[in-house]
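> okay, sequence plus prediction incoming.
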Amino acid sequence: MKNLLTLILICLQLSSQAQSVDPLPRPTRAQLDWHETEYYLFMHFGPNTFTNKEWGEGTEPEDLFDPAQLDCRQWCRIAKAAGAKGIIITAKHHDGFCLWPSKYSKHTVRESKWKDGKGDVLKELSQACREYGLKFGVYISPWDRNHPDYGTEKYNTVFTSMIRELFQNYGPIWELWWDGANGEGPNGKKQVYDWKRFEQTVRQISPRTVIFSDIGPDIRWVGNEQGIAGDPNWNYLDTAGFKRGAGGPPQDSLNHGNYNGKSWIPAECDVSIRPGWFWHAEENAKVKTAAELFDIYMKSVGRGANLLLNVPPNNLGLISAEDEASLLEFKKLRDRNFAVNLLKDASIYYQFSRDDITSDELTIRTLDSNATAYSANLRNFIVEMNKPTKMNCIVLREGIQNGQTIRKFRITLFNAGKQVGEIRGTSVGRKRILSFKTATVTSFKVNLEDTKGQDNIRGISAYLME
């Protein structure tokens, strides 16, 4: 009996220990869908477009807003042609001006002379997004430099009501974008935001909407406005003790995430195609080139984050020709560089265990020659090419539905048995694009040197980039 009791106690202790181990954070279904969106457009648009400012005062007369040729279908046509998968619009910036005729403000398109006060930018854009198969997202600033109730508890009800308006009248809304800006309103007071109430409202109305801010809860700010994710870039973040805005996590944490973070809150990289966020005529000659955008892509999407590229409409309500040309060249550059997966010519790969790399008992599988990225579940493996092949880029994809388990990896390149290159890294995530000096390769070996016990490479491809 004594031995039996001892055995029971040991089993209970082991069970307690097992239950005390925190499960690995994993993305929700909505977050997984967000990861696959990869690249989409931001659009800063409002009174600032007409005043040549970046931050409005909230005192601008409504009649300033008059985009005589506004064409949201043009925005969506260009976004689609550029390979973007969605658009997020600044429905209300810090000046408080609403791009829809809100019942809860007197500083809206309804009070402007545009379309005799009968215009609605959100209605036109949400319809155009549906027509072109693009996702529709909304930025709404909690700071309001115009609303008379800002700085009082009543404003939290106003802001909650505005959120309800957005979802009820213009949904589905795929991503809701919050920043933590918190300045003074027209009465000289600052608002104490009821973030819990705001978040609960969104969850009740639209549980599949992903919410962005510097602490999520679904997507985090990357910590800079250059569009660059950290290397490494972890999808985990600790948010305890932090809040939105001035009380947010350190920029280094936002940029890299937390190695052992408690929540799955991946990074979104926001950057503007121009020096400013709103359109300014004097910046027409300062639009980022396709090559500059491609470099940002490699340092955002190529490090497992998403890219949110701001393309501000001009004062006519159109995407300017300079921006369109750069976007379309950026698309051509991506297409040329990633058009041909060199692994379609690979014949076999060998999978081996980390503990017994030299074993002769190798599992041999045939590669699917028609695939552009192979759906496998691998830890350590060798890819053999049918013939010597020049390459300078390898793309790894991790099965992030199981969490981000890859913590260290090494890729060794060979030509006829001789090592000709090596790439080392840490994080992989949804997509890791690794560029290196061009080499002629007959085989390469991928080692995952530090995982959390799960085989997690689900896709691999190789390219010869320009």
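Cool, got the structure. Being a predicted model, the structure only gives us computed values, none of them experimental.
> alpha carbons only for contacts and neighbour counts from here, please
OK.
> my guess is I411 is in a strand, correct?
Yes: assigned with DSSP: H, G, I helix; E, B strand; the rest coil, I411 falls within a strand.
> now do the spatially most central residue of the chain against E449, distance only.
Against the mean C-alpha coordinate of the chain, by CA atoms, centre = their mean, the closest residue is N306 at 2.7 Å. Distance check for N306 against E449: by CA to CA, to the nearest Å, it reads 26 Å.
> distance-wise, check L254 relative to V311.
Relative to V311, L254 is positioned 24 Å away (CA to CA).
> do the same with S253
Applying CA to CA, the value for S253 to V311 is 27 Å.
> now F436
F436 sits 31 Å away from V311, going by CA to CA.
> higher neighbour count, those two?
Each of F436 and V311 has its neighbours counted (other CA atoms under 10 Å); V311 has more, 28 against 13.
> for the strand ranked longest in the chain, what is the average pLDDT?
When the chain is parsed with DSSP state E, its longest strand is strand 380-398. Mean pLDDT, strand 380-398: 91.
> which strands or helices does it pack on?
Helices and strands touching strand 380-398, by 3 or more CA pairs under 8 Å, 6 or more residues apart in numbering; DSSP states H and E, are strand 346-352, strand 432-448, strand 457-463.
> would you mind putting the CA coordinates of it into CSV?
The C-alpha trace of strand 380-398 is given here as CSV (Å, rounded to 0.1, in the frame of the first residue of the first chain):
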residue,chain,number,x,y,z
ASN,A,380,16.7,18.7,-41.0
PHE,A,381,17.0,17.8,-44.6
ILE,A,382,19.1,17.9,-47.7
VAL,A,383,17.9,19.1,-51.1
GLU,A,384,19.7,17.8,-54.2
MET,A,385,19.5,19.6,-57.5
ASN,A,386,19.3,17.8,-60.8
LYS,A,387,22.1,19.9,-62.1
PRO,A,388,24.5,22.7,-60.9
THR,A,389,22.2,25.7,-60.3
LYS,A,390,23.0,29.3,-59.6
MET,A,391,21.0,30.8,-56.7
ASN,A,392,21.2,33.7,-54.3
CYS,A,393,18.0,33.4,-52.3
ILE,A,394,16.3,30.7,-50.2
VAL,A,395,12.8,31.2,-48.7
LEU,A,396,11.8,29.2,-45.7
ARG,A,397,8.2,29.0,-44.4
GLU,A,398,7.4,27.8,-40.9
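> how far is it from where the chain is centred?
27 Å (CA atoms, centre = their mean, to the nearest Å).
> next one: the residue nearest to the centre of the chain from T209, what distance?
Relative to T209, N306 is positioned 16 Å away (CA to CA).
> related to what we said a few turns ago, and the longest strand of the chain with strand 432-448, angle?
Interaxial angle, strand 380-398 versus strand 432-448 (axes from the mean of the first three to the mean of the last three CA atoms, to 10 degrees): 150 degrees.
> next, the buried residues of strand 380-398.
Neighbour counts over strand 380-398 (16 or more other CA atoms under 10 Å) mark 380-385, 389-398 as buried.
> try stretch 77-97
The neighbour-count check on stretch 77-97 (16+ other CA under 10 Å) flags 78-80, 82-97 as buried.
> in helices only, show me the residues you listed.
Here DSSP state H is the test, and the buried residues of stretch 77-97 give 78-80 as lying in helices.
> export those residues to JSON lines and tack on pLDDT?
Listed next are those as JSON lines, based on pLDDT from 0 to 100:
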{"residue": "I78", "pLDDT": "98"}
{"residue": "A79", "pLDDT": "98"}
{"residue": "K80", "pLDDT": "98"}
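> from the residues you listed, pick the one nearest I296.
Within these, distances to I296 taken as CA to CA reach their minimum at A79, with 17.5 Å.
> give me every residue that touches that closest one.
Contacts for A79 (CA atoms under 8 Å, 6 or more residues apart in numbering) come out as 40-41, 85-87.
> from those, which is closest to A267?
Ranked by distance to A267 (CA to CA), the contacts of A79 are led by Y40 at 13.9 Å.
> my guess is Y39 contacts A82. True?
No: with contacts counted by CA atoms under 8 Å, Y39 stays clear of A82, the gap being 9.9 Å.
> run through the residues that contact I211.
175-178, 217-219.
> number of residues surrounding A321?
A321 is flanked by 10 other residues according to other CA under 10 Å.
> phi, psi of it?
With angles defined as degrees, to the nearest 10, A321 sits at phi -60, psi -40.
> mind checking how far it is from W75?
Per CA to CA, A321 is found 11 Å from W75.
> what's the closest non-adjacent residue to I411?
Leaving aside its chain neighbours, I411 sits nearest to V446 (4.6 Å; criterion: CA to CA, 6 or more residues apart in numbering).
> picking up where we left off before, adding distance to S272 and pLDDT, write the contacts of A79 out as CSV.
Converted to CSV, the contacts of A79 look like this (distance: CA to CA, whole Å; pLDDT from 0 to 100):
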residue, distance to S272, pLDDT
Y40, 12, 98
L41, 9, 98
K85, 17, 98
G86, 16, 98
I87, 14, 98
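> for F65, state which of those residues is nearest.
I87 (20.8 Å).
> which one is that closest one nearest to, not counting chain neighbours?
Per CA to CA, 6+ apart, closest to I87 is L41, 4.7 Å.
> hmm, the one you found is touching N310, no?
Yes: using CA under 8 Å, L41 is in contact with N310, at 5.6 Å.
> neighbour-wise, which of the two wins?
Neighbour totals were compared for L41 and N310, and L41 leads with 28 against 22 (other CA under 10 Å).
> tell me the contacts of the more buried one?
79, 84-88, 308-311.
> next: D63.
Applying CA under 8 Å, 6+ apart to D63 gives the contacts 111-114.
> could you do W55 as well?
Contacts of W55 (CA under 8 Å, 6+ apart): 48, 94-95.
> again with E62
Counting by CA under 8 Å, 6+ apart, E62 has contacts 47, 107-109, 111-113.
> same thing with K113?
Contacts of K113 (CA under 8 Å, 6+ apart): 62-63, 65-66.
> I'm done for today, thanks for sticking with me.
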